[in-house]
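J.: My questions concern the predicted model and sequence given below.
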Amino acid sequence: MELFHRESCSVRTQVNKNDLLANIRKYVEEEGYDYIETGAIRIEFEDGCILIRIEEGDDSVTIGVEGRDKAYAVSLLDIARNLVEDSIRKCS
């Protein structure tokens, strides 16, 4: 069984959650990422994945990533954080 490295962070925001989710979806689609949505957005990569969850009743967006190693997981976390922060700016 192959082990994956995990990283996570939260981004706090006061923007409208529906607008934020719409912006995240649009960004993901424009970038051409394959994703599935099950209450959260999961973006699949060959050697890892990103999970973006907008927390209800909280002012945060939780980002979790898994990658084949720590360096790859950290790079996925950077991609995800930029995606979320750009989406937040578009709501303002």
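T.: Cool, the structure landed.

J.: Identify the residues contacting the spatially closest residue to residue 31 that is not a sequence neighbour.
T.: Distances taken as CB to CB, 6 or more residues apart in numbering put residue 83 closest to residue 31, at 7.9 Å, once the chain neighbours are dropped. The C-beta positions use only the backbone N, C-alpha and C, and glycine is treated the same way. Contacts here follow CB atoms under 8 Å, 6 or more residues apart in numbering; on that basis residue 83 touches 24, 27-28, 31, 52.

J.: Just the element for residue 83, please.
T.: Secondary-structure element containing residue 83, defined by DSSP states H and E: helix 70-91.

J.: Show the pLDDT at the residue nearest to residue 31.
T.: Note on residue 83: pLDDT of 96.

J.: start at 40 instead
T.: Right, with 40 as the first residue, what we last looked at is residue 122.

J.: Let me know whether my guess that residue 46 is in a strand holds.
T.: Yes: the assignment for residue 46 by DSSP: H, G, I helix; E, B strand; the rest coil puts it in a strand.

J.: For it, grab the count of nearby residues.
T.: The criterion is other CB atoms under 10 Å. On that basis, residue 46 has 19 neighbouring residues.

J.: Next up, the contacts around it.
T.: 103-104, 106, 109, 112-113, 115-116.

J.: beta partners for it?
T.: As for beta bridges, residue 46 partners with residue 104 under DSSP bridges.

J.: roughly how far apart are it and residue 86?
T.: With the distance defined as CB to CB, to the nearest Å, residue 46 ends up 14 Å from residue 86.

J.: Look up the residues that both of those two are in contact with.
T.: Counting by CB under 8 Å, 6+ apart, the contacts common to residue 46 and residue 86 are residue 106.

J.: related to what we said a few turns ago, filter the contacts of residue 122 down to just the buried residues.
T.: For the contacts of residue 122, a burial check counting by 16 or more other CB atoms under 10 Å picks out 63, 66-67, 91.
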